[in-house]
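Sequence first, then the predicted structure:
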Amino acid sequence: MGAVIAPSILSADFGRLAASIKDVEAGGAAMIHVDVMDGHFVPNITIGPAVTKAVRATTQLPVDCHLMIEQPARYIEAFASAGADMISVHVEAERHLERTVRAIQELGAKAGVVLNPATPLESLSEILPAADFVLLMSVNPGFGGQTLIPSVLDKAKRLRAWIDREGWSTRIEIDGGVHQDNLGEVAAAGVDMIVAGSAIFGSVAPRAATAAMVRTLAEIAESRRRA
């Protein structure tokens with residue numbers, strides 16, 4: 001199975017959020033990515049559990065909540081109750097990471113750990129076997145529309161090799177600066193889930209933009225299968 005697309009509603013038109021979600025769902029999106037920012041951990045404020053609940057009511061796709069907030073353990077229950085299927089917290093923000101990962105899983109959600117671009121993979125050494133997925137930030141978090149940091153692709157390759165070597169089922173997600181022109185390079189890094197925000201919702205036709213990215217990933221997966 002190849003990588004899948006997770007449109008981020010950070011770049012969506014919130015005046016027509018339900019319709020925007022339906023558009024990308026029809027385009028073949030595999031999940032809906034929700035970026036949560038608190039104005040402290042990152043210099044921006046976005047959405048919370050209420051909007052997550054609205055997203056949950058709009059789609060049957062998995063809802064993937066990325067908590068870019070301080071003290072995330074205080075809020076995981078609220079996001080799980082709002083309908084999040086996946087909840088990820090930053091290594092840089094959570095002092096008691098193992099406990100928080102277990103708490104997310106006990107709430108019935110998949111637990112992810114997130115690394116900022118400058119945070120080394122070695123910081124995952126104790127938590128990686130317990131996490132359901134790792135989210136690698138390929139931009140510095142806080143704003144949409146940034147340019148992908150190329151060195152993160154090497155980081156993704158090294159993480160893929162580590163996971164495969166150990167035989168773990170941990171999935172890899174990447175978020176930041178992904179668009180149609182660099183999608184092949186990103187997929188080649190061995191990731192499983194690709195978040196795209198402005199590349200989809202910043203286009204004139206989000207459904208078509210989603211479908212184009214999904215089609216490209218399918219072609220890449222088929223090419224690998226034949227190789």
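Thanks, I have the structure now. Numbering: from 1, shown residues only.

Surely residue 214 touches residue 5?
Yes - if you go by Cβ atoms under 8 Å, residue 214 and residue 5 touch, sitting 5.5 Å apart. For every residue, glycine as well, the C-beta is placed using N, CA and C.

Which one of those two is surrounded by more residues?
Between residue 214 and residue 5, counting by other Cβ atoms under 10 Å, residue 5 is the more crowded of the two (27 against 19).

Which residues are in contact with that one?
28-30, 194, 196, 200, 210, 213-214, 217 (Cβ atoms under 8 Å, 6 or more residues apart in numbering).

about what we covered before: between residue 214 and residue 5, what contacts are shared?
What both residue 214 and residue 5 touch, as defined by Cβ under 8 Å, 6+ apart, is the set 28-29.

re earlier: may I see the contacts of residue 5 arranged in JSON lines, with distance to residue 99 and secondary structure as well?
Below are those laid out as JSON lines (distance: Cβ to Cβ, whole Å; DSSP: H, G, I helix; E, B strand; the rest coil):
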{"residue": "28", "distance to residue 99": "37", "secondary structure": "coil"}
{"residue": "29", "distance to residue 99": "32", "secondary structure": "coil"}
{"residue": "30", "distance to residue 99": "29", "secondary structure": "coil"}
{"residue": "194", "distance to residue 99": "29", "secondary structure": "strand"}
{"residue": "196", "distance to residue 99": "32", "secondary structure": "strand"}
{"residue": "200", "distance to residue 99": "35", "secondary structure": "helix"}
{"residue": "210", "distance to residue 99": "36", "secondary structure": "helix"}
{"residue": "213", "distance to residue 99": "36", "secondary structure": "helix"}
{"residue": "214", "distance to residue 99": "37", "secondary structure": "helix"}
{"residue": "217", "distance to residue 99": "35", "secondary structure": "helix"}
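
For residue 224, state which of these is nearest.
residue 217 (10.7 Å; Cβ to Cβ).
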